[in-house]
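> 3D, please:
(one chain, ligands or ions: 1)
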Amino acid sequence: MPRLHGIAAILRLIQELTDSRLRLYMLAATAMVIIGGVLSAITPLALKHLVDAVAASAQKSTSASTSVLAEGALYMAALCGTRLVADCRPLLVNTVDQRLIAALRRRFFGHLLHLPLATLLQRRSGEVLHSLDLASAGTQLIVGHVCNSVVPVLAELGVMVWVLGQLQQPALVALFAITAVAYLALFTLGAVRLNRHAETVTAASLSVHGQLADGLNSVETLRCFNAVAQAQRTMETVSSALLRRWHGYFLTTTRTSIAATAVFAASLAGCFAITSDGVARGTLSVGGFVLSSVYLLQMVRPLEALGAAARDLSRSLGFMQPLLDLLREPVDEQLPPPAHVKEARACTARAPSIRFERLTFGYDRSQPVIHALDLDIAAGTTTAIVGPSGSGKSSLIRLLLRLYSPQHGRILIDGRPIATQSIDELRSRIGLVPQDTTLLHASIATNIALGLPDATTAQIEQAARGAQLHDLIASMPDRYETLIGERGLKLSGGERQRLAIARALIRQPKILLLDEPTSMLDSSTEAEVLDTLREASPECTTILVAHRLASVAHADEIIVLDQGRIRERGRHRELLARDGMYCRLWRQQNHGAS
Ligand SMILES: Nc1ncnc2c1ncn2[C@@H]1O[C@H](COP(=O)(O)OP(=O)(O)OP(=O)(O)O)[C@@H](O)[C@H]1O
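This next block holds a predicted model:
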């Protein structure tokens with residue numbers, strides 16, 4: 001059987017996504033589907049009565065009797081009713097599946113935004129996005145089959161069993177029962193095999209989409225490094241693998257269908273033998289003979305529909321697995337309720353002190369990149385963190401933002417451990433200028449006011465001026481409404497960095513985290529931006545990570561970090577006088593001496 005826990009997980013998810021309105025649509029769709037199934041099963045019975053009435057009327061050699069007309073009218077009503085229900089059913093069924101997919105998309109997106117970074121970094125973005133596409137296709141298959149196959153077919157089969165009982169032909173009933181069991185056994189077996197194939201198809205399909213997204217995100221790099229052909233070859237390999245997986249899937253489908261045809265042929269032969277014998281013995285009317293044949297054909301169709309449903313449901317199970325896996329991943333703390341936000345605003349009145357206490361952290365627990373670090377930062381001061389690449393500078397900033405949690409020790413702001421504060425409260429006090437700025441495919445104004453939907457034009461402009469960006473924006477045809485392209489690729493590196501600075505300034509933060517904030521600026525812009533940041537700093541507690549030591553000389557304290565440990569600390573002049581690691585780095589940068 002396709003894995004039962006997978007089915008249970010999907011059912012739980014659907015239940016979770018279903019609101020009262022969707023439930024109403026589902027109810028209406030199910031009612032319509034059952035009516036359609038019953039009508040469809042009654043139609044051959046109406047035909048039997050019509051054929052018997054016509055035969056009786058022919059024996060009496062009279063013109064069409066009232067009973068023929070009445071049976072004809074009933075037959076027409078059943079037939080047209082079936083068609084009418086079939087015409088209207090898609091409206092309800094499609095509404096149900098689109099609403100379900102929309103709810104799934106909302107749930108998935110919300111979940112992604114709250115997943116820990118460590119979880120997200122393990123996956124390729126193309127694969128993550130494709131898992132939603134696959135799950136949407138899976139949902140459509142499930143809803144489509146439940147509404148169009150499983151429920152109507154079960155209703156139809158129920159009515160058929162009742163009608164067959166009325167014919168009082170035990171051999172015929174036994175034949176139908178055997179046929180049904182043979183079909184169901186066959187399709188269940190097929191579904192198990194197909195589920196395995198669907199999982200391999202899903203894995204290969206994720207790989208193709210991961211590759212596509214990687215290629216798209218690095219077009220410029222691929223061209224610069226003459227790696228386009230290499231990327232194409234990789235795509236060729238993963239595409240071929242996907243084709244092979246699909247081929248295996250279709251082969252299994254075809255084998256199951258051929259076996260089903262063999263069962264069908266045997267049943268049809270049996271049915272003819274039993275019914276013609278019944279007519280010859282006079283135990284079955286001509287109408288009964290027609291009804292049995294029509295029923296066999298009609299029973300095969302729903303049984304095959306059930307088979308197709310089993311096949312597609314097992315496929316959708318495979319399709320939905322990656323999304324279910326992602327939804328199972330535990331999320332970071334959720335945003336707090338509005339009352340908490342008010343508390344957060346109240347807390348932002350002044351610059352706080354920050355304390356790192358016996359902090360130990362590693363992305364991999366067994367390989368710490370920060371070792372039992374103690375650091376006190378007084379309120380309203382600027383602390384610079386310098387040191388070789390990979391020494392753990394940015395990691396400290398990530399820990400302060402609670403993007404990761406330390407394995408030992410804690411961080412306190414104004415004496416309160418950040419682990420006890422809500423993430424929203426914490427981050428609402430922080431302005432960050434990261435090493436790599438990520439911009440949205442939106443206007444410059446939207447990018448500056450990210451996370452502040454109520455920011456005014458004047459506030460946006462003031463922040464842009466602070467980041468030395470206003471004149472550039474003013475020269476653009478659409479000014480602050482200029483679209484800056486996906487990931488901000490229409491801006492230069494320095495312009496992106498200045499936009500990041502504006503983004504931090506507009507929040508009027510009480511803690512300013514600057515991770516190489518001027519690394520891409522020319523020296524005159526750097527000086528201006530540093531002045532602006534310095535002007536903002538009396539109201540902030542600032543942590544400045546920098547490689548260029550000239551930009552940290554003014555700091556109240558400079559921390560020299562080496563392999564996750566504090567090597568030296570002090571003011572610029574003190575550190576130069578000490579003639580240690582800082583002094584060596586300073587000399588390297590200023591005189592090229594070692
Ligand atoms: N997401 C991550 N997963 C695993 N290891 C990481 C991750 N980010 C950083 N590291 C590793 O942690 C160590 C410290 O990295 P960190 O970014 O803090 O250094 P840094 O001092 O800021 O370096 P740089 O000056 O080059 O920016 C490095 O060895 C790095 O390879």
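
> What is the burial count for the closest residue to the ligand within the stretch 1-150 of the chain?
Residue of the stretch 1-150 of the chain nearest the ligand, by Cβ to the nearest ligand atom: Leu121 (5.4 Å). To be clear about C-beta, it is placed using only N, CA and C from the backbone, and glycine gets the same treatment. The local packing of Leu121 (other Cβ atoms under 10 Å) involves 10 other residues.

> Please tell me how far it sits from Leu400.
Leu121 sits 19 Å away from Leu400, taking Cβ to Cβ, to the nearest Å as the criterion.

> now Leu268
As judged by Cβ to Cβ, Leu268 and Leu400 stand 75 Å apart.

> residue ranges for the helices of the stretch 401-550 of the chain, please.
Assigned by DSSP state H, counting those that start in this stretch, the stretch 401-550 of the chain shows helices spanning 423-428, 444-448, 457-466, 470-474, 493-505, 523-536.

> following the helix or strand of the chain with the lowest mean pLDDT, which helix or strand shows up next?
For the chain, using mean pLDDT, DSSP states H and E, the weakest element among its helices and strands is helix 338-347, scoring a mean of 45. Going down the chain from helix 338-347, the next helix or strand is strand 354-361, by DSSP states H and E.

> Next, see if that next one gets close to the ligand.
No. Against the ligand, strand 354-361 shows no contacts by Cβ under 6 Å from any ligand atom, the least distance being 9.2 Å.

> What is the helix or strand just after that strand packed up against?
Counting by DSSP H and E, the next helix or strand C-terminal to strand 354-361 is strand 370-377. Judged by 3 or more Cβ pairs under 8 Å, 6 or more residues apart in numbering; DSSP states H and E, strand 370-377 is in contact with strand 354-361, helix 393-400, strand 408-413, strand 565-570.

> Mind putting those into JSON lines with mean pLDDT and mean neighbour count?
Shown next, in JSON lines, are the helices and strands packed on strand 370-377 (pLDDT from 0 to 100; neighbours: other Cβ atoms under 10 Å):
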{"stretch": "strand 354-361", "mean pLDDT": "93", "mean neighbour count": "19"}
{"stretch": "helix 393-400", "mean pLDDT": "92", "mean neighbour count": "21"}
{"stretch": "strand 408-413", "mean pLDDT": "92", "mean neighbour count": "18"}
{"stretch": "strand 565-570", "mean pLDDT": "91", "mean neighbour count": "16"}
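
> Distance to Thr381 for these - can I get that in TSV?
Output for these, formatted as TSV (distance: least, Cβ to Cβ, whole Å):
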stretch	distance to Thr381
strand 354-361	10
helix 393-400	15
strand 408-413	14
strand 565-570	13
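
> looking at the helices of the stretch 401-550 of the chain, which is closest to the ligand?
Closest approach to the ligand among these (Cβ to the nearest ligand atom): helix 493-505, 14.5 Å.

> Up against the ligand, what does the protein have?
Counting by Cβ under 6 Å from any ligand atom, the chain comes close to the ligand at Leu121, Tyr363, Val369, Ser389, Gly390, Ser391, Gly392, Lys393, Ser394, Ser395.

> so where's the stretch 351-500 of the chain uncertain?
Applying pLDDT under 70 to the stretch 351-500 of the chain picks out residues 485-489.

> 80 - rerun?
440-441, 485-494 (pLDDT under 80).

> Count the neighbours of Arg496 for me.
20.

> What residues sit buried inside stretch 188-199?
Residues of stretch 188-199 classed as buried by neighbour count (16 or more other Cβ atoms under 10 Å): Gly190, Ala191, Arg193, Leu194, Asn195, His197, Ala198, Glu199.
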